[in-house]
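Asker: Output the structure for:
(chains A and B)
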Amino acid sequence: MFATMVNMIRPGLAAIPISPHLMSGRDLAERNAEHGLLPVNNALHAVLPRGALERGCVYQCTGVGASSLAWALVARAVSEGSWLAVVDVPRAGLLSAREYGIALERLLCIDTSRVTAHWSRMMGALVDGIDVVVTASPRCSTADARKLAARVKAQSAVMVVIGNSYDFPVDITLRIASPRWTFSGHARQREVTIVTEGRRAYGMQPQLVLLPQSSHQLVQTTC
Amino acid sequence: MLSATRTAAIIFPNWSQIPGHDDSDRAHRAFEPVVRALSSVAPLIHVDTAGVALLATRGPSPYFGGDDALGDLLHGLCADQALTVSHGVGIADGRVGALAAAHQSCFSGSPCVVSVGGSETFLGLLPTGVLGICADIDPDTIDLLQRLGLTTIRAVAGLTERELIDRFGLLGERLHCIVHGFDISVLVPDIAPIDYVIQHVFEDPVATSGIVVAAMSEPSHDLIKALERHAVQCIRLHMLFETDHGEHNERMWHQPRGFSEAAVLERIRWQLDGWLGADADMAATAGITRVQLSPMDVRPIDAQQQSLWGGRQEHIERALRSVALAISVHADVEITVPEWQGGRDVAQVFLQVPIGSVDIRDHVACSERVNSGRGAEQHWTGSVPAPWPAIVFSQPQKVQLQDKDGAMVVITGRHELLQTPSVLRVQSTLLDSSARSADVDNYAVQQFAGPWPVEERWWDPMRRRRLARLQVLVQHPYTQVQYLVLLTIENRQWYISASYD
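Answerer: Next up is the predicted model:
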């Protein structure tokens, strides 16, 4: 009944964001396609301003646990068909990526250590065709960074920066604070607080998230 | 129903494991001398993957005095190649039977000849898994057959054709043919449909393979596109090269998942490099003047590959375009894809393979490449338990793990910790990439788990390794941030091998 109410009021009130939790799976997929969004794991809905990854945006994950959060952020989009390019993350633990649900057959690893002068052009070439690009150390001039961000927007790709952004223009930052690991024989999972910052993140509360859950899915606890 | 052509199969089952044959390019080039030796027996050799060659015995067999004599001759030829790898020669009706017989011959050490009409009985005794290896049946179907209790091929043959088609569709019809010994792949080629034969004539003889490949890139592209317009893919491609002096070199290339343009060009290069660069008696004595490509066998394009908006194919095409663009920016950029290798060491479970040596359009091959074996994940004995670390150091860095008195923590031969770890001295930047100083700090150990010992090659005094992993939760002295790391001790030195970022 609630869902039908939502459907009735939706046409006139399209501007009001409806929480993804209230929408059926099919409606969610339609909404994502219409509004240029890429799906994200349920537990991270509350962490992102529109409950999903926005195409054209540059995200940043910082803090201890940034790599895992980056995997968790892009996992659902990649498992639903998008390709993932991981640029300059030479120590990426791919088993960990797979644990978060990333389909490794659609993963490309790129190393630009020998061509740092062409980094922004390389990234530009990648965002042209690859939906999700994750990078660890964006280093380029301010002008190039602006052009690259514009290209990300034009190509509707998603860029995720792990760690320090070195003045690269970032739209949304997910800052991890106070990770607390629980041990049960060995380390099992950790509880982290994620604070969302950025110009679209007004009034968003810090969220408590478990990374990873035992069935390899993220679980959100109440804050 | 066609009766199958009598075929001889020559296989080197461990070809790709020979050191130096790690990528398909090198493996094929190394296989060229073997194929050339075989072409002294029969003019047309069929090559699928490196290490597998087939030929029709209709011509050579009576010439050399029968199947047994032919088998011995082929076996001898392989042995002559002075390779210490195991090889096998099998002769049977049809491709599947010959490959199965060849595998059998690898075990027995002598050529295995299956009598005419005896394929069905011969195959019947073999397990269903053989169909996966010899008949290109996909692993999911094999798994299903085994779970249905059909563990031998005779059990599969016990099902009627109707039942197989009901369950598996077109694949069921093919299964039915194979298990009854009617392998319908034709080794003696019919004449290819004229429209699809690509022929390219060079006015001046060309002596380098690179120029031929460059010249053939557009015709091959047209060929693949022409076939795609009819919704088919080429599975077997006949390649013929002719030189100025009238010498011919022909080969039948087999690619069960369909040829792409890159695959065609690769094979042109392998075949030419092998011929032009051969020893004096077998090499071409003049430049290439004519190249002819004839698709001999086609199959309908896999329905899933239809280009839907947002579909898998579109994503693959766009990714390929991006890769090509990125490479064109600068040739030194390294683009790799992961390939599963397995192992206890978290840093070595996946190997990075250059993207040029894989075909990312082939999504079946891509998923096989990253998955560990068939079906479910296999837990590697002795590995560190899940969850896995997000940052792995392929070159572990030295650290110091001390107890509260400052002495180094040691693990005994019985894999027990002698002291309780209390302080970890490590460079801050290793734990936290945003750390400002690269100083070595003293991190307080909060908790630890393990040790997980590893003993490698205990039987080999030169290469044996004994090490142990320890999961340690540490806290920064000033910021109170917690970090979880994986430490390794080997030869009384602690290293940091991974960080759970």
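
Asker: Phi first, then psi, for residue B:295.
Answerer: Dihedral pair for residue B:295: phi -70, psi 130, per degrees, to the nearest 10.

Asker: start to end distance for stretch B:47-60?
Answerer: 18 Å (Cα to Cα, to the nearest Å).

Asker: Which residues belonging to it are considered buried?
Answerer: Buried residues in stretch B:47-60, counted by 16 or more other Cβ atoms under 10 Å in any protein chain shown: B:47, B:48, B:49, B:50, B:51, B:52, B:53, B:54, B:55, B:56, B:57, B:60. Heads up, the C-betas are built off the backbone N, CA and C, glycines and all.

Asker: mind listing what the closest residue to residue A:212 other than its chain neighbours touches?
Answerer: Take residue A:212 and drop its neighbours on the chain: the residue closest to it by Cβ to Cβ, 6 or more residues apart in numbering or on different chains is residue B:387, 5.3 Å away. Listed by Cβ atoms under 8 Å, 6 or more residues apart in numbering or on different chains, the contact partners of residue B:387 are A:96, A:99, A:187, A:188, A:189, A:212, B:500.

Asker: where's the third one, which helix or strand?
Answerer: Element membership of residue A:187 [criterion: DSSP states H and E] is strand A:186-198.

Asker: Please state the offset of that strand from the chain centre?
Answerer: 14 Å (Cα atoms, centre = their mean, to the nearest Å).

Asker: right, is that strand up against chain B?
Answerer: Yes: with Cβ under 8 Å from any Cβ of the partner chain as the measure, strand A:186-198 is seen reaching chain B through A:186, A:187, A:188, A:189, A:190.

Asker: of those residues, buried ones?
Answerer: Neighbour counting over the residues of strand A:186-198 next to chain B (16+ other Cβ under 10 Å) leaves A:186, A:187, A:188, A:189, A:190 as the buried ones.

Asker: and the second one, what does it touch?
Answerer: Just to be clear, that refers to residue A:187. Going by Cβ under 8 Å, 6+ apart, the list of residues near residue A:187 reads A:181, B:387, B:447, B:449, B:471, B:473, B:484, B:500.

Asker: Give the closest residue to the last one in space, chain neighbours not counted.
Answerer: Taking Cβ to Cβ, 6+ apart as the measure, residue B:500 lies nearest to residue B:484, with 4.0 Å between them; neighbours along the chain are not counted.

Asker: Mind listing the residues bridging to the one you found?
Answerer: residue B:473 (DSSP bridges).

Asker: pLDDT weak spots in the chain?
Answerer: Chain wasn't specified; assuming chain A. For chain A, applying pLDDT under 70 flags the ranges A:1-35, A:213-223.

Asker: wrong one, I was asking about chain B
Answerer: Filtered on pLDDT under 70, chain B yields the residue ranges B:1-4, B:22, B:82, B:183-195, B:279-282, B:301-311, B:372-380.

Asker: Go through it and flag its longest helix.
Answerer: If you go by DSSP state H, chain B has its longest helix at helix B:209-229.

Asker: counting contacts, what elements does that one pack onto?
Answerer: Applying 3 or more Cβ pairs under 8 Å, 6 or more residues apart in numbering or on different chains; DSSP states H and E, one finds that helix B:209-229 contacts strand B:198-206, strand B:232-243, helix B:261-276, strand B:288-300.

Asker: Counting by contacts, list what the second one packs against.
Answerer: Meaning strand B:232-243. Under the contact definition 3+ Cβ pairs under 8 Å, 6+ apart, strand B:232-243 sits against helix B:209-229, strand B:248-254, helix B:261-276, strand B:288-300.

Asker: Let me have these in TSV, extended by distance to residue A:122.
Answerer: Listed next are the helices and strands packed on strand B:232-243 as TSV, based on distance: least, Cβ to Cβ, whole Å:
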stretch	distance to residue A:122
helix B:209-229	25
strand B:248-254	35
helix B:261-276	22
strand B:288-300	35
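
Asker: Whether whatever helix or strand residue A:183 lives in contacts chain B - can you check?
Answerer: Element membership of residue A:183 [criterion: DSSP H and E] is strand A:172-184. Yes: judged by Cβ under 8 Å from any Cβ, strand A:172-184 comes into contact with chain B at A:178, A:179, A:180, A:181, A:183.

Asker: would you turn these into CSV with neighbour count?
Answerer: Formatted as CSV, those follow (neighbours: other Cβ atoms under 10 Å in any protein chain shown):
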residue, neighbour count
A:178, 15
A:179, 21
A:180, 12
A:181, 20
A:183, 15
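
Asker: could you say which helix or strand contains the residue positioned nearest the centre of chain A?
Answerer: For chain A, the residue nearest the mean C-alpha position is residue A:73 (3.6 Å; Cα atoms, centre = their mean). Applying DSSP H and E as the criterion places residue A:73 in helix A:66-79.

Asker: Which elements pack onto the helix or strand just after that helix?
Answerer: Later in the chain than helix A:66-79, the nearest helix or strand by DSSP H and E is strand A:84-87. Strand A:84-87 is packed against strand A:107-111, helix A:119-129, strand A:132-135, with contacts defined by 3+ Cβ pairs under 8 Å, 6+ apart.

Asker: Give me the nearest residue to residue B:209, chain neighbours excluded.
Answerer: Of all residues not flanking residue B:209 in the chain, residue B:272 sits nearest, at 3.8 Å (Cβ to Cβ, 6+ apart).

Asker: ok, that neighbour touching residue B:288?
Answerer: Yes: using Cβ atoms under 8 Å, residue B:272 makes contact with residue B:288 at a distance of 7.2 Å.

Asker: Could I get the buried residue list for stretch B:452-467?
Answerer: Within stretch B:452-467, the residues scored as buried using 16+ other Cβ under 10 Å are B:452, B:453, B:454, B:466, B:467.

Asker: now what about it, what contacts it?
Answerer: Applying Cβ under 8 Å, 6+ apart, the contact partners of stretch B:452-467 are B:344, B:382, B:383, B:384, B:411, B:415, B:468, B:469, B:470, B:488, B:489, B:490.
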